[in-house]
Every structure is written in C-alpha cells, then in structure tokens.
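A.B. asks: got a predicted structure here, sequence first:
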Amino acid sequence: MLVQIAWRNIWRNKTRSFVVIGSIVIGLWASVFILAFAWGLYKNNIDESVNRQLSHIQIHHPEFTNQQESKYVIKNSDSILSILQKEDLVQAASARSITQGMITSPTTVAGVTIYGISPKAEIKQIGLNENLIEGDYFASGKGNEIFIGEKLTKKLKIKLRSKVVVTFTDIHSNIVSAAFRVGGIYKSKNLSLDEVNVYVQKQSLDKLLDLQPSESNELAILLKDEAALESYKSGVQQLVPSGKVEDWKDLSPHLEMVIESFNLYTYIITGIILLALTFGIVNTMLMSVLERIRELGMLMAIGFNKRKIFSMIMLETFFLTLIGCPLGLFIGWLSILILGTYGINIAIFSEGLASYGFSSIIYPELDNQIYWIVAIMCLITALLSAIYPAYRALQLNPAESIRKI
C-alpha cells in the first residue's frame with residue numbers, strides 16, 4: 001500500500017517530477033560523458049606512447065637505463081631478435097642503437113637523442129613512415145640520411161635536404177662528428193618528442209659508435225595482445241638473463257599512475273556533478289512536502305506513523321531516481337558509442353595537445369564497471385538528499401497541519 005501511494009504521489013505533479021527526472025538524466029549523462037572523454041584522451045596518449053614510442057617490452061643492459069651510454073650493449077642481440085620475431089605473441093620486434101649528442105645546423109645547435117633503427121623492422125613500431133610530412137622513408141638507400149621532427153627543423157632553421165652535423169661520443173669515449181643530410185621531416189602526435197628524437201640507419205650509427213653488428217643498446221617488443229604482457233615478460237627475462245627487461249609501465253610510471261588514479265577521478269568528477277544535483281533534489285522534494293502539509297497531517301491523523309511518512313517520501317525519491325538513472329546512463333552510453341566510433345575533432349587545440357602527447361581527435365570510451373559506480377553513487381546521493389525533506393515532514397503537527405490552508 002505504501003509503495004502504491006508513493007508511486008501515485010510522484011505523478012500528481014508531473015511537471016515537478018519531470019524536473020527531478022530531467023535533472024538526474026542530465027547529471028548522469030554529463031558525468032559518464034566527461035569520464036569517457038577524459039579516459040579517451042588519456043587512453044589515446046597511452047596507446048600512442050606504447051605503440052609508437054615505448055613498445056610493450058624493452059630490453060637493455062642493466063647499466064644503460066641509468067647511464068644512457070652507448071657502450072652498455074646487449075650482446076648477440078641479432079640472435080635474440082631472431083628468436084623474438086618468430087614468437088606467436090609478438091607483433092613486431094626491433095633492435096636499436098641509441099646515443100645522446102648534439103645536432104648542429106648553420107645557425108644553431110640542439111641536444112638530441114639519436115636512434116639507429118632498422119627501417120623495415122620499425123614500420124610497425126615507431127611508425128616513422130606514417131608521420132612523414134616531407135621526404136621518403138629511407139628510400140634513397142644512402143647511409144647518411146637523418147629524419148628529424150618538424151619542431152626541431154624550425155628550431156634549427158633547416159629544411160628537407162639540408163646538411164647537419166651530429167656530434168656524440170663512441171663506446172671508447174671518443175668524440176665523433178658526422179655529417180648527415182635531412183632525408184625526411186616527420187610530425188607525430190607528441191611534439192615534445194619530435195624536438196629531441198632523430199633517426200638514422202642502425203648500421204650507419206653502429207659504425208660511428210664502433211659497435212658490432214650483433215650488438216644493440218635496446219631491443220623493443222610489441223605484442224599482439226597486452227593481456228599476455230606479464231607472462232611473456234617472464235619468458236623474455238629467461239631468454240636474456242643478463243639483461244634488464246622492463247614493460248611500458250616500468251619505463252613510464254606516469255602512464256601507470258594515470259590508469260591507477262582514474263577510479264579516483266571517477267569518484268571526484270561524479271561527486272561534484274551529483275553534489276549539484278543534490279541541491280535540486282532537496283529543493284524539489286522540500287517543495288513537495290510543504291505543498292502537501294494538510295495532506296500529510298491528515299495521513300498522520302488517520303494512523304500513518306512517522307516511520308511510514310518518512311518511508312513514503314524516501315520511496316518517492318527512490319522511484320524518481322529509478323526512472324532517471326537508467327535513462328541518463330542509456331543516453332550517456334549511446335553518446336559514447338556514437339562519438340567513440342566517429343571521434344571528437346578538437347583540431348583547434350591540436351598544437352597545445354600535441355605538446356603533451358595528446359591527439360586532436362578524441363574517441364570517448366568507458367569501462368562497464370564505471371556505469372555501475374556512477375549509478376550506485378547517484379542512488380545513494382538521491383536517497384541522502386531526501387532525508388531533510390522527509391525530516392521536515394516528521395516535524396508536522398497533525399492537528400495544525402489539517403487546518404492549514
């Protein structure tokens with residue numbers, strides 16, 4: 001009976017009920033959409049960092065990551081690489097030579113990280129060929145080609161086919177200078193890396209560093225399925241017992257922190273939106289109570305105790321939330337599904353986003369468990385919001401309330 005009365009009460013004033021339902025729908029839609037947009041933004045950055053920069057697993061000499069000196073190499077890297085490339089779980093694997101140095105143009109100089117890469121092996125990893133805006137991907141066959149980011153070319157005031165001099169130290173700590181010609185200019189989704197990373201052919205850099213063909217500073221592995229990362233990492237460590245094997249979370253702790261802290265962001269963002277929704281629910285339900293003073297007084301007079309009055313108002317709020325919550329989540333899910341397919345183009349902010357490694361096209365995405373978290377938080381918020389209006393109803397005096405005009 002109490003449930004039936006509460007259900008009928010919410011439809012006695014349809015306008016007021018639809019205002020509360022509308023507020024819940026908009027609040028939940030805004031909550032899930034903001035979360036999906038934020039996760040889409042960060043996920044794009046994580047995917048770009050893993051697939052185009054870090055790879056899932058990297059192998060180094062134990063001292064290389066601390067010293068960043070090219071003399072710390074992985075011995076027999078060519079045979080190890082051959083084994084890795086044959087693994088079913090591996091999408092791509094490549095060997096790299098790495099050194100720190102200076103690049104000099106006719107007008108200025110800049111510090112860079114020089115990567116010696118095998119062009120064919122890196123197509124599925126660094127993706128340098130896809131990011132080229134000028135030039136051809138190691139098409140000339142010459143060993144003195146260097147590929148430079150667009151941002152660095154502006155800093156050095158050079159262009160395609162310009163000559164630059166790269167200076168660094170070899171494995172014997174001798175200073176080496178070599179002339180290269182700009183064979184291509186690239187622009188990735190991370191302009192900060194474009195300014196400091198340059199690429200040459202591995203065999204050319206190996207000769208300058210005095211490395212053997214079977215030696216490398218880094219082995220990078222990109223997996224077909226990230227779910228196999230932990231187990232495969234253990235297998236790689238057994239394959240290279242003397243090497244330091246790290247996954248992308250080890251190599252970039254701030255990316256792991258983003259993932260781990262996203263649930264906290266969920267509670268914070270949803271909490272802020274639901275806090276605003278709380279005031280709307282309190283105001284509407286309080287108006288409902290004050291408009292029905294005479295009715296509530298009569299119910300008390302015919303035997304409705306305070307517990308039943310309190311339960312009736314709480315049930316009214318519960319029913320309104322039960323209608324608005326699924327509707328809001330469905331609209332949010334539908335918005336995310338559509339925009340997650342076509343993306344949100346925010347190219348107007350592309351330069352600023354690229355400086356921090358973010359793409360200008362965002363694909364909103366949200367894990368299913370987040371919908372449950374938001375729904376539960378909404379239900380709890382709505383019921384807490386109804387406590388004060390229900391409390392006000394309990395303060396009514398039946399005799400005085402019946403005479404109320």
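C.D. replies: Everything's here; your move.

A.B. asks: which strand or helix spans the residue nearest to G332 when sequence neighbours are not counted?
C.D. replies: Distances taken as CB to CB, 6 or more residues apart in numbering place V32 nearest to G332, at 3.6 Å, with adjacent residues excluded. Every C-beta, even on glycine, is put in place using the N, C-alpha and C of the backbone. Assigned by DSSP states H and E, V32 falls within helix 14-49.

A.B. asks: just how off-centre is that helix within its chain?
C.D. replies: Counting by CA atoms, centre = their mean, to the nearest Å, helix 14-49 is centred 16 Å from the centre of its parent chain.

A.B. asks: so what touches the helix or strand just after it?
C.D. replies: Sequence-wise, the next helix or strand downstream of helix 14-49 (DSSP H and E) is strand 57-60. The contact list for strand 57-60, computed with CB atoms under 8 Å, 6 or more residues apart in numbering, reads 72, 74, 80, 217-221, 223, 229, 232-233, 236, 240, 243-248, 251.

A.B. asks: for this structure, what's the longest helix?
C.D. replies: In the chain, with assignment by DSSP state H, the single longest helix is helix 253-291.

A.B. asks: packing partners of it?
C.D. replies: When contacts are defined as 3 or more CB pairs under 8 Å, 6 or more residues apart in numbering; DSSP states H and E, helix 253-291 packs onto helix 14-49, helix 248-251, helix 306-342, helix 368-385, helix 387-394.

A.B. asks: give the other helices and strands that the next helix-or-strand element following that helix contacts.
C.D. replies: Per DSSP H and E, the first helix or strand lying C-terminal to helix 253-291 is helix 293-301. Using 3+ CB pairs under 8 Å, 6+ apart, the elements in contact with helix 293-301 are helix 306-342, helix 398-402.

A.B. asks: before we move on, the earlier item: ok, which of the helices and strands packed on helix 253-291 comes nearest A121?
C.D. replies: Closest of the helices and strands packed on helix 253-291 to A121 is helix 248-251, at 18.5 Å (criterion: CB to CB).

A.B. asks: residues contacting the residue nearest to F262 when sequence neighbours are not counted?
C.D. replies: Of all residues not flanking F262 in the chain, W39 sits nearest, at 6.4 Å (CB to CB, 6+ apart). For W39, the contact set (CB under 8 Å, 6+ apart) comprises 262, 364-367.

A.B. asks: one more time with 7 Å
C.D. replies: When contacts are counted by CB atoms under 7 Å, 6 or more residues apart in numbering, W39 is found next to 262, 365-366.

A.B. asks: flag the shaky bits of the stretch 51-200 of the chain, pLDDT-wise.
C.D. replies: Along the stretch 51-200 of the chain, segments meeting pLDDT under 70 are nowhere present.

A.B. asks: quickly find the element holding L152.
C.D. replies: Here L152 sits within helix 150-156, counting by DSSP H and E.

A.B. asks: so how far is Y371 from the nearest residue to I344 once chain neighbours are set aside?
C.D. replies: Once flanking residues are discounted, I344 sits nearest to I362: 4.6 Å by CB to CB, 6+ apart. Separation of I362 from Y371 (CB to CB, to the nearest Å): 19 Å.

A.B. asks: and what of K155?
C.D. replies: 46 Å.

A.B. asks: ditto for Q67
C.D. replies: 47 Å.

A.B. asks: compare the two (neighbour count), which wins?
C.D. replies: Y371 (19 against 11; other CB atoms under 10 Å).

A.B. asks: for the residue nearest to the more buried one when sequence neighbours are not counted, which residues are in contact?
C.D. replies: Leaving aside its sequence neighbours, Y371 sits nearest to L329 (CB to CB, 6+ apart; 5.5 Å). Going by CB under 7 Å, 6+ apart, L329 touches 28, 32, 371, 375.

A.B. asks: go with 8 Å
C.D. replies: Applying CB under 8 Å, 6+ apart, the residues near L329 are 28, 32, 371, 374-375.

A.B. asks: one more: S242?
C.D. replies: Going by CB under 8 Å, 6+ apart, S242 touches P62.

A.B. asks: that one sits in which helix or strand?
C.D. replies: Going by DSSP H and E, S242 is not in any helix or strand.

A.B. asks: that one and I221, how far apart?
C.D. replies: Distance of S242 to I221, given as CB to CB: 17 Å.

A.B. asks: how big is the angle separating the helix holding V32 from helix 306-342?
C.D. replies: For helix 14-49 against helix 306-342, the angle by axes from the mean of the first three to the mean of the last three CA atoms, to 10 degrees is 40 degrees.

A.B. asks: and the residue most central in space within the chain, what's its pLDDT?
C.D. replies: In the chain, the centroid-proximal residue (CA atoms, centre = their mean) is Y42; its distance is 1.8 Å. Looking at Y42, its pLDDT stands at 81.

A.B. asks: who's in contact with it?
C.D. replies: Counted by CB under 8 Å, 6+ apart, Y42 has contacts 258-259, 262.

A.B. asks: what's in contact with stretch 256-267?
C.D. replies: The contact list for stretch 256-267 (CB under 8 Å, 6+ apart) reads 35, 38-39, 42, 46, 249, 370, 373-374, 377.

A.B. asks: hmm, try it at 6 Å
C.D. replies: The contact list for stretch 256-267 (CB atoms under 6 Å, 6 or more residues apart in numbering) reads 35, 42, 249, 370, 373.

A.B. asks: and it, which residues are buried?
C.D. replies: Within stretch 256-267, the residues scored as buried using 16 or more other CB atoms under 10 Å are 258, 262, 266.

A.B. asks: try stretch 84-96
C.D. replies: Across stretch 84-96, burial judged by 16+ other CB under 10 Å covers 84, 87, 90-96.

A.B. asks: among those residues, which are in helices?
C.D. replies: L84.

A.B. asks: pull the most distant pair out of the buried residues of stretch 84-96.
C.D. replies: Across these, no pair lies farther apart than E87 and R96, at 18.6 Å, counting by CB to CB.

A.B. asks: and the pLDDT at the nearest residue to K249 once chain neighbours are set aside?
C.D. replies: Excluding its sequence neighbours, the residue lying closest to K249 (CB to CB, 6+ apart) is E256, at 4.2 Å. On pLDDT, E256 comes in at 74.
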